[in-house]
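1. would you be able to build a 3D model of this:
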Amino acid sequence: MCTAIPRSGWLLAVALLALAAGSQAQPGVQQLNSLALDLFDEIYSQDESKNIFFSPLSIATAYSLLHIGAEGDTKEQLESVFGFGAEGVSGAFLNPYSGLITEDESDDVDVLQSSILYIEEGFAYKPAFKIRLTKNPTSRAAEKVPFATDPEAARKEINKNVSTLTMGYIEDMLPEGSVDELTRMVVVNAVFFKGGWMEPFKKEDTVKLPFAAFDKKNATVDMMIQKETWLRLSLTGSILDAQVLELPYGNGAASMVIILPSKPGRNAFLEVAAQLREVDFTDLVNSLQSTMVNVYLPKFEIEASTDLGAVLPPLGVTDLFQPDSSDLSGMSDAVGLYVSSSLHKARVKVDEKGTTAAASTAAVARATSLVLPTDFRADHPFMYFIIDAQSKAIMFMGSVQGLPMGPVS
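-> Below is the predicted model:
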C-alpha cells in the first residue's frame, strides 16, 4: 500500500526522472523529441477532434521498466521506438536529463508523476530482474495485485495509489471494467505538471473573446492578455507557416513553446504539423528572437487519457501487447506474460498564474514606446510544448483544438 509522499520527496523523486541542462542538443534529447512528434501524430490520427496532452518523457520512463525485462524482438522493438540503449533508460537515455527539476522550490516548477508496473500476484520475478529494476533510477518497485482472484479490488488499489502519488490530481486512472481475471500485467502512467509564469498575466486584463475552433462553432473564451512584454518569438514564414512563442516558467528552467498556425482551420494546422517534422525542434527554439509582444492566450484546462495499447503498435511496438509473441522472459519464467493494458493520463491547467496554481514574482523589463509590439493572438487551434529551456527536450506536448473545455477558475 502506498503512503503519502511529502512535497520534498516528490521533488527528489522527480529529479531522477527529469531533464538536464546542456549547451547543445544531445542524442537522447533528439530521440525524445522525435518520439513526442511520433506520439502526437498517432494520437491525433486516432481522434482528430479531441484536445491532446501527454508526456513523452513519462511514457518513455514507464516503458523503460518493461525494457529491463524484455528479450528478443520485444526488446528490439522497444529500443527502436524509444531509443533505449543497451542498459535501457537507466543508461544512455535518461541520465543526461538528471537535474532539471531540483529541490529548489524557487524555480516555481513541479512535476508529479506515477509510473508503476502492476503484475498478477501469482507471477514470480527473476532475481536478476529485481536487481536491474532497483538500479534503474526512474523506477518504483513493481507491485503485485490480485487480478486473477479479485480484479475489482486490484483496480481500486491501483487507482488509490495513483491518486496518492499525484496528490489527488489524477483520479480513476483505470475505469470500471478495464481489468478482469485474465489480466496479468498493467503498466500505468500518470503525470501532472505545475509551473508559474516568469511574468504572470494580470487577472483583471482577462476578457471574453472568440476562439475559432475546427468545427467552425466560435466559442467565447477567457482570453488572457499581456501587453508590451519582451519574449522570444519567431514570425510567420521564418521557419514554419506559424508564429512560435516561448513563455518561460519560474526562473527560466522550463518554458512553454506555443506554435500558432498563421491562419485558422484544420488544413493550416495539419500543414504546420507536417512542417514541424521537417525541422529540428532544438534549432527551431534556438532561432527565436527577443521581441516586444502583445500576447493573447486563452485559459484552458485539459485532462487527457491515452490508450498506449492502441497508439504504440502503429509505431512499431507490437509484440509486447500480444500473449503469443511478447517476450518478457528477462522478467519472469511465466508463460504468456504480456501487457494487457497500458494507459497514460495527463492533466494541464493554464491560467494567469501559469500552468496550474503556481505563482511567480519575477519581473521582465517593459519596452519603450519607440518599439512597436507584435501581436501573438492565439484565437484558433495551436500546439504547445513544455520543455527544458536549456536542452530543449520536450517533457510534455499537446494541442488545443476546441474551447471551452474543463473547469478553469
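
2. tally of neighbours for Met313?
-> You called it Met, but residue 313 is Pro. Residues near Pro313, counting by other Cβ atoms under 10 Å, number 16. Glycine gets a C-beta too; all of them are placed from N, C-alpha and C.

3. excluding sequence neighbours, find me the nearest residue to it.
-> Distances taken as Cβ to Cβ, 6 or more residues apart in numbering put Phe321 closest to Pro313, at 6.4 Å, once the chain neighbours are dropped.

4. list phi and psi for that neighbour.
-> Dihedral pair for Phe321: phi -100, psi 10, per degrees, to the nearest 10.

5. wait, it sits on Tyr338?
-> Yes. Under the criterion of Cβ atoms under 8 Å, Phe321 makes contact with Tyr338 at 6.3 Å.

6. ok, then the element right after the helix or strand hosting Ala304?
-> Ala304 is part of strand 300-307, with elements assigned from DSSP states H and E. Using DSSP H and E, the next helix or strand after strand 300-307 towards the C-terminus is helix 308-315.

7. restricting to C-alpha, output that next one in CSV.
-> C-alpha atoms of helix 308-315 as CSV (Å, rounded to 0.1, in the frame of the first residue of the first chain):
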residue,chain,number,x,y,z
LEU,A,308,-0.9,3.3,-25.4
GLY,A,309,-2.0,-0.2,-26.4
ALA,A,310,-3.6,1.4,-29.4
VAL,A,311,-1.0,4.2,-30.0
LEU,A,312,2.3,2.2,-29.8
PRO,A,313,1.7,-0.7,-32.2
PRO,A,314,1.4,1.5,-35.3
LEU,A,315,4.8,3.0,-34.2
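
8. distance from it to the middle of the chain?
-> Offset of helix 308-315 from its chain centre (Cα atoms, centre = their mean, to the nearest Å): 16 Å.

9. so how far is Ala310 from the residue nearest to Pro313?
-> 9 Å (Cβ to Cβ, to the nearest Å).

10. check Ala212 too.
-> Ala212 sits 30 Å away from Ala310, going by Cβ to Cβ.

11. repeat for Asn267
-> According to Cβ to Cβ, Asn267 and Ala310 sit 26 Å apart.

12. so Leu372 touches Met292, yeah?
-> Yes. The criterion here is Cβ under 8 Å, and Leu372 meets it with Met292 at 7.5 Å.

13. looking at the two, which has the bigger crowd around it?
-> The neighbour count for Leu372 versus Met292, taken as other Cβ under 10 Å, is higher for Met292 (17 against 9).

14. from the chain's centre, how far out does the host helix or strand of the more buried one sit?
-> Assigned by DSSP H and E, Met292 belongs to strand 289-298. Taking Cα atoms, centre = their mean, the mean C-alpha location of strand 289-298 is offset from the chain mean by 24 Å.

15. convert it to CSV, retaining C-alpha atoms only.
-> Below are the C-alpha coordinates for strand 289-298, written out as CSV (Å, rounded to 0.1, in the frame of the first residue of the first chain):
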residue,chain,number,x,y,z
GLN,A,289,14.4,36.2,-31.1
SER,A,290,13.7,38.6,-28.3
THR,A,291,10.7,40.7,-29.4
MET,A,292,8.2,43.0,-27.8
VAL,A,293,4.9,41.1,-27.9
ASN,A,294,1.2,41.6,-27.2
VAL,A,295,0.2,38.1,-26.1
TYR,A,296,-3.4,36.8,-26.3
LEU,A,297,-3.7,33.3,-24.8
PRO,A,298,-6.8,31.5,-23.7
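
16. so what does that strand touch, helix or strand wise?
-> strand 219-234, strand 242-248, strand 374-377 (3 or more Cβ pairs under 8 Å, 6 or more residues apart in numbering; DSSP states H and E).

17. just say which of those strands is most tucked in.
-> strand 242-248 (a mean of 23; mean count of other Cβ atoms under 10 Å).

18. can you name the element that comes right after that strand?
-> Sequence order places strand 254-261 as the next helix or strand after strand 242-248, per DSSP H and E.

19. please, where are all the strands along the stretch 51-200 of the chain?
-> For the stretch 51-200 of the chain, the strands defined by DSSP state E, counting those that start in this stretch occupy 52-54, 109-120, 143-145, 185-196.

20. which of those strands comes out lowest on mean pLDDT?
-> With a mean of 70, strand 109-120 has the lowest mean pLDDT of the strands of the stretch 51-200 of the chain.

21. export the helix or strand that contains Ser399 to CSV, keeping only CA atoms.
-> For Ser399, the element it lies in under DSSP H and E is strand 394-400. Taking C-alpha atoms only, strand 394-400 is exported to CSV below (Å, rounded to 0.1, in the frame of the first residue of the first chain):
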residue,chain,number,x,y,z
ILE,A,394,10.1,18.1,-24.8
MET,A,395,8.7,17.0,-21.4
PHE,A,396,5.0,17.5,-22.4
MET,A,397,3.2,18.1,-25.7
GLY,A,398,-0.4,18.9,-26.6
SER,A,399,-2.8,20.8,-28.7
VAL,A,400,-5.8,23.0,-28.1
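
22. so what are the sheet partners of it and their directions?
-> Looking at strand 394-400 with DSSP bridges, its partner strands are strand 52-54 (antiparallel), strand 382-388 (antiparallel).

23. and those strands: which comes nearest Asp283?
-> strand 382-388 (13.3 Å; Cβ to Cβ).

24. quick revisit: ok, Ala212 and Ala310, which is more surrounded?
-> Ala212 (17 against 13).

25. list the contacts of that one.
-> When contacts are counted by Cβ atoms under 8 Å, 6 or more residues apart in numbering, Ala212 touches Asn218, Pro264, Asp379, His380, Pro381.

26. in a markdown table: the helices and strands packed on strand 289-298, plus mean pLDDT and distance to Val162.
-> Below are the helices and strands packed on strand 289-298 laid out as a markdown table (pLDDT from 0 to 100; distance: least, Cβ to Cβ, whole Å):
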| stretch | mean pLDDT | distance to Val162 |
| --- | --- | --- |
| strand 219-234 | 88 | 30 |
| strand 242-248 | 93 | 29 |
| strand 374-377 | 91 | 36 |
